[in-house]
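In: sequence and predicted structure below; questions after.
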There are 2 protein chains.
Amino acid sequence: MQVKHTHKIEYVHGYAADELERLVGSAATLETLLHSDVTYPAGSLVLEAGCGVGAQTRFLLKRSPGIRLVSMDIAFHSVQRARHAVGEMARFLQANVYAPPFSHNTFDHIFVCYVLEHLPDPLQALNTLKTLLKRGGAITAIEGDHGSAFFYPETQEGLEVWRCLQRLQLQTSGDGHIGRRLYSLFKESGATDIQITPLPVYCDPSRPEMMEGFADKTIVGMLNGIEHEVLARKMIAPEIWRKGIRDLLNLAASRDGIFMYTFFRAVAKYE
Amino acid sequence: MQVKHTHKIEYVHGYAADELERLVGSAATLETLLHSDVTYPAGSLVLEAGCGVGAQTRFLLKRSPGIRLVSMDIAFHSVQRARHAVGEMARFLQANVYAPPFSHNTFDHIFVCYVLEHLPDPLQALNTLKTLLKRGGAITAIEGDHGSAFFYPETQEGLEVWRCLQRLQLQTSGDGHIGRRLYSLFKESGATDIQITPLPVYCDPSRPEMMEGFADKTIVGMLNGIEHEVLARKMIAPEIWRKGIRDLLNLAASRDGIFMYTFFRAVAKYE
């Protein structure tokens, strides 16, 4: 299969082993929230575009047993890992979201999660994916918005660490604030029915599993994954970075720390 | 009844007629979201502290028919208006939240909405209110967090207008970012069971009633209410202010504008 690279795709989080564990652990913590309304009828042919290491794939299959799932990703090693983790329940292939190797009117539904935020041209991706949908099908997209995050207590260094994430994503490729743009992107792609649902993740000491699974492992894990790049680009002094990371980790250790982040789920149909 | 003014209470939004209409209209738009889980058993004695013009009072009564409701506010004219609007269904009185004229162990439940954010010492208010609770009772607080807001498309002037609101509330009294502090405040006040629920308000063109009722009337209405004060304090150039307000109003008029804001509801019990 030939994959046309019409755009170079940089993945800000990298492909290190820690990062892959982070993604899988994060998926488990957030499953109930993100996947709650994502179910497809048995027999449906579903495309997961940008499956990465398969972190969401298992939940798609768990919540929609009986679907025929095709999961693709641009990164060969991720596809291998996903295939290894999930097995024969889905068909995995390496493919570029801008040039998927499928005919028009092929899929009943298309699912993308944490994908559009990393693309230099998410609109082109939607314009491509929508042609693969059968009439009446829908694209479901789940994306974050780094500008939605806040925490308490707030320290200057913690804020600066967070801003590094936002600036790095702007400097490399993608848009860390894509959550707020989902309506606009789907509208621009010609969708006729767009339902956006905000999915807030709120962590405080009364929810220790969220504090550990999300604030610590997912969020600080993500920040640890970009440390090397951020410091190499001299975006922040190393001691400020380390203090900020400590402050964010302390949120979970403190008696009254909170962390808040909002994901968005879009379900868009095309006439 | 003697009301001790232990703290001067400035109300950043003022008491103009437009502002009162804004509060009542906003309450209707947000009722389903904010009050969804606020119900008290018939016969309960409930205190609404900081009832203002009674915007929330009617919803308390509607959702919990049969309660005995006492609604108080520091502002005499607001209490008069609330009494006029709601009638005999609640007992209204003018009183200071720091020195309420009630005995300990009086109320089954206490409800505060958009109150703590305006107080110079919200912890003292909670420490006072909790003494009025009967054993097993709870305080329910609903508050916003101006730092949770974002919108798309984003303009520099729109952002500057929004920052004026945040800075004005800091300069006068209160904390416009109190939503994220609710857990901490209730913990500090000695609550033993604290449940915080984020209540996101998301507006896009698929929800025109929210765009009009919340983004336009509630949010831009609130900003219009502080314009005089913001300009008098020279916090922003008048032409920047006006451009920013136009940009925010244009969100609702555009084909793809969104506005997002998160309220928080806390339900806290004391042993």
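Out: Perfect, thanks for sending it.

In: spell out which residues of the stretch 51-200 of chain A are next to chain B.
Out: A:145, A:147-148, A:150-153, A:177, A:180-181, A:183-184, A:187-188, A:194-198, A:200 (C-beta under 8 Å from any C-beta of the partner chain). In short, each C-beta sits where N, CA and C put it, glycine included.

In: now the strands for the stretch 1-150 of chain A?
Out: Ranges of strands in the stretch 1-150 of chain A, per DSSP state E, counting those that start in this stretch, are A:45-49, A:68-73, A:90-94, A:107-113, A:133-143, A:150-152.

In: identify whichever of those strands lies nearest to residue B:89.
Out: strand A:150-152 (37.3 Å; C-beta to C-beta).

In: now the helix or strand just after that closest one: buried residues?
Out: The first helix or strand that comes after strand A:150-152 along the chain, using DSSP states H and E, is helix A:156-171. The neighbour-count check on helix A:156-171 (16 or more other C-beta atoms under 10 Å in any protein chain shown) flags A:157, A:158, A:160, A:161, A:162, A:164, A:165, A:168, A:169 as buried.

In: same thing with stretch A:127-135?
Out: Buried residues in stretch A:127-135 (16+ other C-beta under 10 Å): A:128, A:129, A:130, A:132, A:133.

In: give the contact list for the first one.
Out: Applying C-beta atoms under 8 Å, 6 or more residues apart in numbering or on different chains to residue A:128 gives the contacts A:97, A:98, A:99, A:100.

In: quick one, phi psi at residue A:257?
Out: Dihedral pair for residue A:257: phi -80, psi 140, per degrees, to the nearest 10.

In: might you report the residue contacts of the closest residue to it other than its chain neighbours?
Out: Counting by C-beta to C-beta, 6 or more residues apart in numbering or on different chains, residue A:251 is the residue found nearest to residue A:257 once chain neighbours are left out, at 3.3 Å. With contact taken as C-beta under 8 Å, 6+ apart, residue A:251 is in contact with A:151, A:152, A:153, A:203, A:211, A:215, A:257, A:258, A:259.

In: show me what contacts the residue nearest the centre of chain A?
Out: Closest to where the C-alpha atoms of chain A average out (C-alpha atoms, centre = their mean) is residue A:114, at 1.7 Å. Shown in contact with residue A:114 (C-beta under 8 Å, 6+ apart): A:50, A:52, A:142, A:143, A:144.

In: and residue A:49, by the same measure?
Out: Contacts of residue A:49 (C-beta under 8 Å, 6+ apart): A:72, A:97, A:100, A:110, A:111, A:112, A:115, A:125, A:129.

In: shaky segments in chain A?
Out: For chain A, the stretches with pLDDT under 70 are A:1-10, A:17, A:19-25.

In: for it, which segments count as helices?
Out: A:17-35, A:57-63, A:76-86, A:122-129, A:156-171, A:182-188, A:208-210, A:221-232, A:238-253 (DSSP state H).

In: deepest of these, which one?
Out: helix A:182-188 (a mean of 22; mean count of other C-beta atoms under 10 Å in any protein chain shown).

In: can you give the contact residues for that one?
Out: Contact partners of helix A:182-188, identified using C-beta under 8 Å, 6+ apart, comprise A:116, A:122-123, A:126, A:139, A:141, A:143, A:178, A:194, A:196, A:264, A:266, A:268, B:152-153, B:204-206, B:255-256, B:258.

In: residue A:109 pairs with what?
Out: Here residue A:109 sits in beta bridges with residue A:46, residue A:138, going by DSSP bridges.

In: burial check on it, number of neighbours?
Out: Residues within reach of residue A:109, counting by other C-beta atoms under 10 Å in any protein chain shown, total 24.

In: tell me who's in contact with it.
Out: Contacts of residue A:109 by C-beta under 8 Å, 6+ apart are A:40, A:44, A:45, A:46, A:47, A:133, A:137, A:138, A:139, A:140.

In: how about TSV for these, with distance to residue A:15 added?
Out: Listed next are these as TSV, based on distance: C-beta to C-beta, whole Å:
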residue	distance to residue A:15
A:40	29
A:44	30
A:45	29
A:46	25
A:47	22
A:133	30
A:137	31
A:138	30
A:139	26
A:140	25
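
In: out of these, who's nearest chain B?
Out: residue A:138 (14.2 Å; C-beta to the nearest C-beta).

In: you'd agree that closest one is up against residue A:265?
Out: No. Counting by C-beta atoms under 8 Å, residue A:138 stays clear of residue A:265, with 11.6 Å between them.

In: quick check: residue A:52 touching residue A:73?
Out: Yes. Between residue A:52 and residue A:73 a contact is recorded at 5.7 Å, counting by C-beta under 8 Å.
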